[in-house]
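[1] give the three-dimensional model of this entry:
(2 chains)
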Protein chains: 2
Amino acid sequence: MHIPQRILLGPGPSDVPARVLSALAAPTLGHLDPAYLKIMDHTRQMLREVFRTKNELTMAISGTGSAGMEACVANLIEPGDEMIVCVNGVFGGRMRDVAQRCGATVHSVEVEWGQSVDPQKVADALKQHPKTKVVGVVHAETSTGALSNVEEISKVVHAAGALILVDAVTSLGGMDLRIDDWKIDACYSGTQKCLSCPPGLSPVTISADAVKKMDQRKTKCQSWYLDFSMLRQYWGEDRVYHHTAPVNMTYGLHAALAIVLEEGLDNRIARHVKNHQALRAGLEAIGLKFVPKNSLTTLNLVSVPDGANDAQIRKALLERFGIEIGAGLGPFKGKAWRIGLMGYASSQRNVLMILAALETLLGKSGALAPAEKVYASK
Amino acid sequence: MHIPQRILLGPGPSDVPARVLSALAAPTLGHLDPAYLKIMDHTRQMLREVFRTKNELTMAISGTGSAGMEACVANLIEPGDEMIVCVNGVFGGRMRDVAQRCGATVHSVEVEWGQSVDPQKVADALKQHPKTKVVGVVHAETSTGALSNVEEISKVVHAAGALILVDAVTSLGGMDLRIDDWKIDACYSGTQKCLSCPPGLSPVTISADAVKKMDQRKTKCQSWYLDFSMLRQYWGEDRVYHHTAPVNMTYGLHAALAIVLEEGLDNRIARHVKNHQALRAGLEAIGLKFVPKNSLTTLNLVSVPDGANDAQIRKALLERFGIEIGAGLGPFKGKAWRIGLMGYASSQRNVLMILAALETLLGKSGALAPAEKVYASK
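    Have a look, this model is predicted:
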């Protein structure tokens, strides 16, 4: 097994700290061992802190972020239910597909890729479809780097009496996200982005209102594996065996969450802001433009400059410098790069390194000084 | 995070070798990194060897064994399809539940818990339900320790023109299982049993016939996350991004499969037989009876002897000796123990240790000599 040295500045996974990698390698415990159950309890308590919620139903799904998406949709939706999905990139599109497979009648709020979801458009859709049960929206679109104001969208959704489901895969642990303050009913994320744990688990949190709706279901959740009514009994005090938990991945998540809370959420969010600003200053100085008006601080979608070959540059970054960045998707295929600064990988060192590498490969200069100026400022 | 020293002799997870734990802790690579794709390719090639198949569609699902079960059923079944499920324990029951959630019309072949599935009963059910598309059966019932003859059942199923789906969670890598020779159309397993990798992935393999049936589906697979038509494009040469693979778990599986193949499948199976025989000789010498007529060699369901308190003994094993064994389930709750000897944990040392511990706790003696006699024999 050959594992070359990399710096992961793509759309995720991000670099994983040694402490998290070490935790993965601790001896496997049984999934019902009292010592493991304590680790689960502590993990869910830390998840609540990172989600900024008191939701009882907060846990890690035994699959990646997309499993968390499917879990939330499959538990909230029964065949025939109406759902509005806001689509401004790959992951909104994926949520629509998942909802259709769950038997929902889906109404799409279509938004140009790279743009944020306008709360007014959601309000209009809710007026047009007053029976809507759930509105799904992506907080941080990993495919385009666009941030949407889910706090405002949540107000609109609750005014119409619906539930709001939020994709926070690329924001949890890196950008401001407040489940309780913003009254978000269901939210899922992934471990491999701003939490800097390897991929494989999906943190989810569900409000009491949403749990009540789930309890009123007339049909079983179509997924046995993702059925919250059973997962609750394992993560809760009953400890009823459901499936064999991914024990070592839980160790990794436990360590990753401890690191997040030791740094402090506010400090961590501020660090992501600072490094994003420095990267932006450097990239713009050598002529790369940011696509989204309202960019994430965790993931940067920048245009491939004229005359540069997208694939060649990414290949050279990987092979000559060991740096991974992401390709553009959909309308941005071949036209934009996705440069992630997530979790552990959001550092001054990495910002200066990717700027230096891009200067070298693009034959430009002048990126470093503007970035360093940002670091020199308060 | 406190992780006490354990020996895992329950129904899984089993003990994980240090080499596999170390592999988990290797630095995370991107899920589209050429170096990671090589590891995937090698992993699927080793999976084929362990499954004894040439099936192109062989891969690890990004979830535990139950996700593999759901993946197979959801891809094989469309709403309204007829499926026969053989139920002789928890996992047959689970498969029935999953099939119903996928919209199948399910016919059960009910078998007393602890007994094997009789091929004749499957033939009778197929005669009664000639439109059956898929027959599901558990090779090694983890809840009861009963082995079923899936080779014979497969003949019966194919004679009726149906497909056979096999649960090999507790047999793959520990007991004889031959996907191609036995003409098994779909099979799933888990990593945490006889492969001695932590839980979190589910190896699956699908025959060309079953793939053809899936290609003729009129509806999309109800699960986006588990949709083989998309997973194939990521695991195959196209490398189309689906979800972010659980990179570090794949490292672990890669190492675990390498260990299996270094030992050799036949040697490994023989080792499980020998240790099972020794354990049986010892347990029977102190009056514990095996429940199944046709016992697995990987998992032993034995009656709790008269006068012994099930929960107290298991607690004492865990707290005083650091040994985990499993409780009985269903009709065996409080009445039987499940003692696993799986993968790395199937060793002479562990057999003698659990016998010695049980002698101590039950106040019996005489278990060790019969076990040692088995080891002394050829």
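[2] can you give me the neighbour number for residue A:4?
    Burial of residue A:4 is recorded as 13 neighbouring residues (other CB atoms under 10 Å in any protein chain shown). All C-beta atoms are positioned from the backbone trio N, CA, C, and that covers glycine.
[3] give me every residue that touches it.
    Contacts for residue A:4 were tallied using CB atoms under 8 Å, 6 or more residues apart in numbering or on different chains; they are A:322, B:29, B:35.
[4] what is the nearest of those residues to residue A:78?
    Ranking the contacts of residue A:4 by separation from residue A:78, with CB to CB as the measure, puts residue B:29 on top at 39.7 Å.
[5] please tell me how far the residue lying closest to the closest one once chain neighbours are set aside sits from residue B:225.
    With CB to CB, 6 or more residues apart in numbering or on different chains as the measure, residue B:36 is the residue that lies nearest to residue B:29, at 4.2 Å, once sequence neighbours are left out. Taken as CB to CB, to the nearest Å, the spacing of residue B:36 relative to residue B:225 amounts to 20 Å.
[6] between those two, who's got more neighbours?
    Set side by side, residue B:36 and residue B:225 give different neighbour counts by other CB under 10 Å, the larger being at residue B:225 (33 against 21).
[7] that one contacts residue A:73, doesn't it?
    No: counting by CB atoms under 8 Å, residue A:73 is not a contact partner of residue B:225; they are 10.6 Å apart.
[8] the top helix by length along chain A packs against which elements?
    Using DSSP state H to define each element, chain A has its longest helix at helix A:265-285. For helix A:265-285, the elements it packs on are strand A:299-303, helix A:348-362, helix A:368-376, judged by 3 or more CB pairs under 8 Å, 6 or more residues apart in numbering or on different chains; DSSP states H and E.
[9] dump the ones you listed into CSV; add mean pLDDT as well.
    CSV is the format used below for those (pLDDT from 0 to 100):
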stretch, mean pLDDT
strand A:299-303, 98
helix A:348-362, 98
helix A:368-376, 97
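[10] helix/strand/coil for residue A:23?
    Under DSSP: H, G, I helix; E, B strand; the rest coil, the three-state class of residue A:23 is helix.
[11] list the contacts of it.
    The neighbourhood of residue A:23, defined by CB under 8 Å, 6+ apart, consists of A:251, A:252, A:254, A:255, B:1.
[12] not counting its neighbours along the chain, what's nearest it?
    Once its chain neighbours are removed from consideration, residue A:23 has its nearest residue in residue A:255; the separation is 3.7 Å (CB to CB, 6+ apart).
[13] show me what contacts the residue of the stretch 51-200 of chain A at minimum distance from chain B?
    Here the stretch 51-200 of chain A gets closest to chain B at one residue, residue A:200, 3.5 Å apart by CB to the nearest CB. Contacts were defined as CB under 8 Å, 6+ apart; by that measure residue A:200 touches A:63, A:64, A:191, A:192, A:246, A:249, B:62, B:200, B:246, B:247, B:248, B:249.
[14] again, only using 6 Å
    Remark: with contacts taken as CB atoms under 6 Å, 6 or more residues apart in numbering or on different chains, residue A:200 is in contact with A:249, B:246, B:249.
[15] pretty sure it is in a helix, no?
    No: residue assignment for residue A:200, taken from three-state DSSP, gives coil, which places it outside any helix.
[16] count the neighbours of the spatially closest residue to it that is not a sequence neighbour for me.
    Take residue A:200 and drop its neighbours on the chain: the residue closest to it by CB to CB, 6+ apart is residue B:246, 3.5 Å away. Other residues near residue B:246 number 29, with proximity taken as other CB under 10 Å.
[17] how about the helices in chain A?
    A:18-24, A:34-51, A:65-76, A:90-101, A:119-128, A:150-159, A:208-215, A:228-235, A:247-263, A:265-285, A:310-321, A:348-362, A:368-376.
[18] distance from the last one to the middle of the chain?
    So the one you mean is helix A:368-376. When distances are taken as CA atoms, centre = their mean, to the nearest Å, helix A:368-376 is centred 28 Å away from the chain's centroid.
[19] could you do the third one as well?
    In terms of CA atoms, centre = their mean, the gap separating the centre of helix A:65-76 from the centre of its chain is 13 Å.
[20] can you list the residues of the stretch 251-378 of chain A near chain B?
    Applying CB under 6 Å from any CB of the partner chain, we find that the stretch 251-378 of chain A lies next to chain B at A:254, A:324.
[21] over to the stretch 101-250 of chain A?
    Residues of the stretch 101-250 of chain A lying close to chain B (CB under 6 Å from any CB) are A:101, A:192, A:198-200, A:220, A:222, A:224-225, A:243-244, A:246-249.
[22] switch the cut-off to 10 Å
    Among all residues of the stretch 101-250 of chain A, those adjacent to chain B (criterion: CB under 10 Å from any CB of the partner chain) are A:101-103, A:142, A:169, A:190-193, A:196-202, A:219-227, A:241-250.
[23] for the buried ones among the residues you listed, write the corresponding ChimeraX selection.
    In ChimeraX, selecting the buried portion of those, with burial taken from 16 or more other CB atoms under 10 Å in any protein chain shown, looks like this:
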select /A:101,102,103,142,169,190,191,192,193,196,197,198,199,200,201,202,221,222,223,224,225,226,227,241,242,243,244,245,246,247,248,249,250
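[24] for residue A:176, what are its contacts?
    Taking CB atoms under 10 Å, 6 or more residues apart in numbering or on different chains, we find residue A:176 in contact with A:52, A:139, A:147, A:151, A:182, A:265, A:266, A:269, A:272, A:273, A:297.
[25] that one and residue A:218: what is the separation?
    The gap separating residue A:176 from residue A:218 is 37 Å, by CB to CB.
[26] great, nothing more from me.
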